[in-house]
Structures are given as structure tokens and as C-alpha cells.
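Engineer: task: produce atomic coordinates for the following.
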Amino acid sequence: MELELRHLRLIVTVAEQGSVTRAAIALGLTQPALTAQLNRIDKTFGAAVFTRDQRGARPTALGEFVLGRAKVLLPAMSALVEDAHRFVAGADVRTRSVRVGTASTALGGLFVNRLISELEVEVTSVTLPDVEGVTDQLASGALDVALVGLCGNAEPPAADGVRWSRVSTDPVFLLVPDEHPLAGRPVVTLADLAEAEWFGVSGAGCFQRCFVTACARAGFTPGKVSEADRAACVDLVRAGHGVALVQPTFPDTPGVSVVPLADVPLQWAHHVGWHDESTTLPVEGVVDAAVGAHAEAVSRSSPRFVDWLAKA
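Structural biologist: So this is what the prediction gives:
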């Protein structure tokens, strides 16, 4: 069987519904017909896309990979069809549609806003779990441009046709509960938190290794270390379960305080990327949008970061 877009739509619907039965109803199919389609899809891929049992349907590792690609390809195809209809009708189709990917960055929304307003494009955006996935999609042409974050000591992965430009390199700051003894200090050291449980220690690039190395230089081995997104870090830190490492553009948030780390032991960098052949956008405009997004985030960040920049 040759894979078609309708098969991707089936996969997305099953994942959204969490059940073959519910997905069949949503698609207007019988359950046996949908099951037969899924079996043919599994055969095409060479492995199962879903684990199906009495509890429902859950994506396998292959399924998560396929869903990530499907959620980029389906909107892109819909945009193509809409633009084609507008072209046939004689409408202005000069507005370009751009596929944007982000990973490990808090600047994604600001970046997309600037692409829309400054370059006058329509944007389809997707957030991916890692920089490697973003690079793969840039290389395959599934994405036109991307904005990613990773350890300041690392560079994004290399791939044919993919170009990267570093946008910023910032210090990593500490997030503690407001009532923490260190919350009011102008700076703290890693050694001050030798007994802490750590959140937000991203695996992007070499950041985890750099964090452990920085702790070793400070004279201790960190205890429990966990990855967590920004919202989870706030909730966990506010509840007193530990401290978190955060990007310095973190805004003032009730219940938690952002504190600089002395001597900048850790850094976080943002990179903007594009593919030489798949994007029709001016590279200078894409880079300017990324730089502007970072500057806007800095203007909204905690006063601690603004003060740190003034003294740096």
C-alpha cells in the first residue's frame, strides 16, 4: 500500500480520540474498516503505529514519530489547497506560507509574531521535543525556518542544506520559592544549593553534562535531577519541591524568585535556522525577527536580568 494523506489523518484522529471505536465514529467509518486501514498502515511502516488493547489506542514510539511529521504535513497541504483555490479564483496569493519549528525555547511565540508582522507571511508552527527533530525536519523540507535553544557550549546538529545563526547567549539563572533563604540575595553559587533537588536541567545539547561538571567544580555532586518545562518548574518550585534552572528571560511570577548564579557557570543559547532550498524568506529578515524576539523577551523579563545585563 502507498501511504496517502488520508492515512495520516486517520492516525491523527485515532491519537486524538485515544480509541479506535471513538475514532471510527468521528471519521464516519465502521470499526472493522478502520482497524483494517490501521493494519495496512502498520504493514506499510513495518511496525505498529498504535498499541491497541481494552484501554484504548496509544501511539508507539514509531507512532509518536509519525504523528510529529503528520502534524506538520497536514496543515501544510491544507494551506497549499487553500492557496490554490484562491489562485484559481483570481485572489491575491502573494502572501507566503511558512512552516516554523521550535524546540527548547521560550521565544517561539515572539518569533512567530515578528515573522507575521515584519515579513507579512502566514505561519504554520510546530513545537518539537528536541533540536535533533527540528534539524531533521529542516533538512527534509518539512520546515522552512526554526528557532531552537540549547546549551551555550553546543552548536545545533549539522545537516545538508541547513544553516544556523546564533541569536543570543545568555546566563542561566536560578528559580527558588519566594520564602527560600537565598531568594533575596543578589547572586548565589551552585555550592549554596548542594543539597537541592533540581528541575529544568534540559538534555538539549550538552547542558546536562555541563551542569554536572559545574557542580563538580563547585565541590559537590547534584542529587535528583529532572527535566521539566517552564510551567512545571514554576509549580514544583513554588510548592517547595526543589529549585530550577531557567532561561534569564523568565518574567516575574508570583510565588517564585529568579536569582543570578555567580560567575555564570551555565549558559543557554538561541539559534535560528533555515534550509537553503526550502525557504523563500530573506535570511536577513528571519535573523532580525529572531534577534528582535530575544530583545522583546529581555524587555519583559525579571528586573534581576535587566540589572544583571546593566552590570555585565
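Engineer: what residues does the spatially most central residue of the chain make contact with?
Structural biologist: Nearest to the mean C-alpha position of the chain, by CA atoms, centre = their mean, lies residue 103 at 2.5 Å. Counting by CB atoms under 8 Å, 6 or more residues apart in numbering, residue 103 touches 127-131, 133-134, 146, 148-149, 204. For every residue, glycine as well, the C-beta is placed using N, CA and C.
Engineer: all strands for this structure, in order.
Structural biologist: Applying DSSP state E to the chain gives strands spanning 50-53, 56-59, 96-103, 121-127, 145-151, 162-171, 173-177, 198-199, 225-226, 243-246, 256-259, 267-275.
Engineer: flag the shaky bits of the stretch 51-200 of the chain, pLDDT-wise.
Structural biologist: Residues of the stretch 51-200 of the chain that meet the criterion pLDDT under 70 lie in 83, 86-87, 89-96.
Engineer: 90 - rerun?
Structural biologist: The model of the stretch 51-200 of the chain has pLDDT under 90 over residues 53-56, 68-99, 104, 106, 117-124, 128-130, 140-142, 160-161, 184, 200.
Engineer: okay, the closest residue in space to residue 27 that isn't next to it in sequence: pLDDT?
Structural biologist: Once flanking residues are discounted, residue 27 sits nearest to residue 13: 5.8 Å by CB to CB, 6 or more residues apart in numbering. If you check residue 13, the pLDDT there is 93.
Engineer: got it, and residue 226?
Structural biologist: With respect to pLDDT, residue 226 has a value of 88.
Engineer: gap between it and residue 237?
Structural biologist: As defined by CB to CB, to the nearest Å, residue 226 lies at a distance of 12 Å from residue 237.
Engineer: now do the helices in this protein.
Structural biologist: 5-17, 20-27, 31-45, 61-88, 108-119, 131-140, 207-217, 230-238, 283-300, 303-311 (DSSP state H).
Engineer: can you list the ones you listed in a markdown table and add distance to residue 274 and mean neighbour count?
Structural biologist: Below are the helices of the chain laid out as a markdown table (distance: least, CB to CB, whole Å; neighbours: other CB atoms under 10 Å):
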| stretch | distance to residue 274 | mean neighbour count |
| --- | --- | --- |
| helix 5-17 | 25 | 18 |
| helix 20-27 | 36 | 18 |
| helix 31-45 | 29 | 15 |
| helix 61-88 | 15 | 15 |
| helix 108-119 | 11 | 18 |
| helix 131-140 | 7 | 22 |
| helix 207-217 | 24 | 17 |
| helix 230-238 | 26 | 18 |
| helix 283-300 | 6 | 18 |
| helix 303-311 | 28 | 14 |
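Engineer: need the ones you listed in a markdown table (columns: distance to residue 177).
Structural biologist: Shown next, in a markdown table, are those (distance: least, CB to CB, whole Å):
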| stretch | distance to residue 177 |
| --- | --- |
| helix 5-17 | 37 |
| helix 20-27 | 42 |
| helix 31-45 | 47 |
| helix 61-88 | 34 |
| helix 108-119 | 27 |
| helix 131-140 | 30 |
| helix 207-217 | 20 |
| helix 230-238 | 6 |
| helix 283-300 | 22 |
| helix 303-311 | 15 |
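Engineer: and these: which comes nearest residue 155?
Structural biologist: Closest approach to residue 155 among the helices of the chain is made by helix 131-140 (9.9 Å; CB to CB).
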